[in-house]
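Participant: Sequence and predicted structure below; questions after.
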Amino acid sequence: MFKKIIETIFVKGLSSIINFLIVVITAYYLGKYARGEISILLVSVSLINIIQGIVGGPSLIYLASKYSNLKLFIYSFIWNFLIALVFSFIIAFLDLTPFRLIEELFLISFLQGGISIFQSLLVGHEQISKHNLIEFSKSIFLIVSIGICFLLFNEKNLDAVYLSYIVSFSLAAFIGLLYIGKYLSFKNLKNNEKLFFEMFMYGFQNQINNFSQLLNYRYLFYLIEKWKGIEVLGVFSISISIIESVWVICKGISTNLLAKLVNEKDESMKTKYTLNSIKLSLFLSIIATSILLIIPSDFYSFIFGKDFTEVKSHLLPLSITILSFSVLAIISQYYASKGQLIINLRASFLGNIFCIGMGWFLIKSYSVHGAILTYNTVNLIMMFYLIYQFNKSTKTKIHHLLFNKSDFTAIRKKF
């Protein structure tokens, strides 16, 4: 499992570096207004992906080893298309994304939803390497496409960026389809009228949680744009992109943990895997965060341009969010593997209360600094709630989550 974790972190790390370069390139050539518009579009894509994931995504991981993958694929693919189509119009109609971007919104969300289907089926079969390759190919195709548009054709504009997303996601989706082909067998295609309902119910609970999480992490984007302008959002979105680059560590660990836990029957082993993953996630996240904080502020201005001089000042306070998320992301997978999604949902709803209440008042008065305070509060509250529930469920104590000498020895030996 450790080798798969390191491989996943490495691949996600490379993907994160590439995505970071994409942010740098688009910020440098197109400016903070363009970064603001790109951020708004991608937030809307994320919103649609959450609804698509009700009959896809996590439910496919959970059910891949239990039912015909062909039926799972058919149900999730049809759902994916319909949701992308309908909600692209709804989001554009509500003016959450400019109506002129409705075609881009539909195509990107449909393709991303398809990629998620392929990756989820692969994780359900513990094919982590293939899952990782799809993720990496998506990033590499995207930066190559942007490079071709910007440098070869001299098309340095937002339309070139959106076209690059569509092309790169299409290529990554094609690779995913090739990978899952061997699982789409007509054998064991028995009639199961309750399959769609089971997919929907599991996915609904999980995606309600993900929607709630999206609200915690992206609701503030809309408030910043509304009250402080899209240029302020453009700068803040860069800061968030940087801290999310550290989250590839905990997300890489949690992906492998979930694949391991859904196939593990021994409850004591599930607890052990989760505790070890929490410690590894926190340890590596502390190292990565320290590196970010050591980098001088002039470096960020040099990379992103003079419009983004405030970025470094955001990172130190946001380190609280980075580290708290590195813990809660692991514990949430423990409950996802057991089908006890209500616990994750309660944590997210608790975060929503503080996010909506604090964000509404603090951003008006304190702009980005109010948003940072809201982020930190929300993540700390969710983390402490999940730690409490985990200790209660597994009969562990707080000190079991803390590092000891044997943990450092084990980490050193593994590396």
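Facilitator: Here it is on my side, so go on.
Participant: what are the ranges of the helices in the stretch 301-415 of the chain?
Facilitator: All helices of the stretch 301-415 of the chain, identified by DSSP state H, counting those that start in this stretch, fall at 311-337, 341-394, 405-414.
Participant: Correct me if wrong: Gly56 contacts Gly113.
Facilitator: Yes. In this structure Gly56 lies within contact range of Gly113 using Cβ atoms under 8 Å: 6.8 Å. (Each C-beta comes from the backbone N, C-alpha and C, glycine too.)
Participant: list the residues that contact both of those two?
Facilitator: Between them, Gly56 and Gly113 share the neighbouring residues Asn80, with contact defined by Cβ atoms under 8 Å, 6 or more residues apart in numbering.
Participant: ok, back up a step: now for the helices of the stretch 301-415 of the chain, which one comes closest to Ile291?
Facilitator: Of all the helices of the stretch 301-415 of the chain, it is helix 311-337 that lies closest to Ile291, at 10.8 Å by Cβ to Cβ.
Participant: Now do the closest one: which elements does it pack against?
Facilitator: Taking 3 or more Cβ pairs under 8 Å, 6 or more residues apart in numbering; DSSP states H and E as the contact definition, the neighbouring helices and strands of helix 311-337 are helix 230-246, helix 248-261, helix 267-294, helix 297-304, helix 341-394.
Participant: Just say which of those is most tucked in.
Facilitator: When you average the neighbours per residue for each of these (mean count of other Cβ atoms under 10 Å), helix 248-261 leads with a mean of 25.
Participant: which stretches of the chain have low pLDDT?
Facilitator: In the prediction, the chain carries residues with pLDDT under 70 at positions 1-2, 187-193, 405, 407-415.
Participant: In contact with Ser285, which residues are there?
Facilitator: 246, 249-250, 322-323, 326.
Participant: Just give the closest residue to it, not the sequence neighbours.
Facilitator: The shortest distance from Ser285 to any residue other than its chain neighbours is 3.9 Å, reached at Ser326 (Cβ to Cβ, 6 or more residues apart in numbering).
Participant: Do I have it right that the one you found meets Val248?
Facilitator: No. Using Cβ under 8 Å, Ser326 makes no contact with Val248, being 10.6 Å away.
Participant: Thr396 and Leu60, how far apart?
Facilitator: Note on Thr396: its distance to Leu60, by Cβ to Cβ, to the nearest Å, is 30 Å.
Participant: that older thread, redo the helices of the stretch 301-415 of the chain as TSV? Include distance to Gly234.
Facilitator: Putting the helices of the stretch 301-415 of the chain into TSV (distance: least, Cβ to Cβ, whole Å) gives the following:
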stretch	distance to Gly234
helix 311-337	11
helix 341-394	11
helix 405-414	38
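Participant: and Lys156, what helix or strand is that in?
Facilitator: Per DSSP states H and E: Lys156 is located in neither a helix nor a strand.
Participant: Actually, Glu104.
Facilitator: Secondary-structure assignment from DSSP H and E places Glu104 in helix 102-124.
Participant: which strands and helices sit next to the helix or strand immediately after that helix in the chain?
Facilitator: Along the chain past helix 102-124, the next helix or strand (assigned with DSSP H and E) turns out to be helix 128-147. Counting contacts by 3+ Cβ pairs under 8 Å, 6+ apart, helix 128-147 packs against helix 2-52, helix 102-124, helix 158-180, helix 248-261.
Participant: Let me know which of those is the nearest to Tyr67.
Facilitator: Among these, the nearest to Tyr67 by Cβ to Cβ is helix 102-124 (10.2 Å).
Participant: Alpha carbons of that closest one, as PDB, please.
Facilitator: Listed next in PDB are the C-alpha coordinates belonging to helix 102-124 (Å, rounded to 0.1, in the frame of the first residue of the first chain):
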ATOM      1  CA  ILE A 102     -22.600  27.800 -21.700                       C
ATOM      2  CA  GLU A 103     -21.100  25.600 -24.400                       C
ATOM      3  CA  GLU A 104     -17.700  25.500 -22.700                       C
ATOM      4  CA  LEU A 105     -19.400  24.800 -19.400                       C
ATOM      5  CA  PHE A 106     -21.400  21.800 -20.800                       C
ATOM      6  CA  LEU A 107     -18.500  20.300 -22.700                       C
ATOM      7  CA  ILE A 108     -15.900  20.600 -19.900                       C
ATOM      8  CA  SER A 109     -18.300  19.300 -17.200                       C
ATOM      9  CA  PHE A 110     -19.500  16.400 -19.400                       C
ATOM     10  CA  LEU A 111     -15.900  15.300 -20.200                       C
ATOM     11  CA  GLN A 112     -14.800  15.700 -16.600                       C
ATOM     12  CA  GLY A 113     -17.700  13.700 -15.500                       C
ATOM     13  CA  GLY A 114     -16.800  10.900 -18.000                       C
ATOM     14  CA  ILE A 115     -13.200  10.900 -16.700                       C
ATOM     15  CA  SER A 116     -14.500  10.600 -13.100                       C
ATOM     16  CA  ILE A 117     -16.500   7.500 -14.200                       C
ATOM     17  CA  PHE A 118     -13.500   5.800 -15.700                       C
ATOM     18  CA  GLN A 119     -11.300   6.600 -12.700                       C
ATOM     19  CA  SER A 120     -13.800   5.500 -10.100                       C
ATOM     20  CA  LEU A 121     -14.300   2.100 -11.800                       C
ATOM     21  CA  LEU A 122     -10.500   1.700 -11.800                       C
ATOM     22  CA  VAL A 123     -10.100   2.500  -8.100                       C
ATOM     23  CA  GLY A 124     -13.000   0.100  -7.400                       C
END
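Participant: counting contacts, what elements does that helix pack onto?
Facilitator: Under the contact rule (3+ Cβ pairs under 8 Å, 6+ apart), helix 102-124 is packed against helix 2-52, helix 58-63, helix 69-93, helix 128-147, helix 158-180, helix 248-261.
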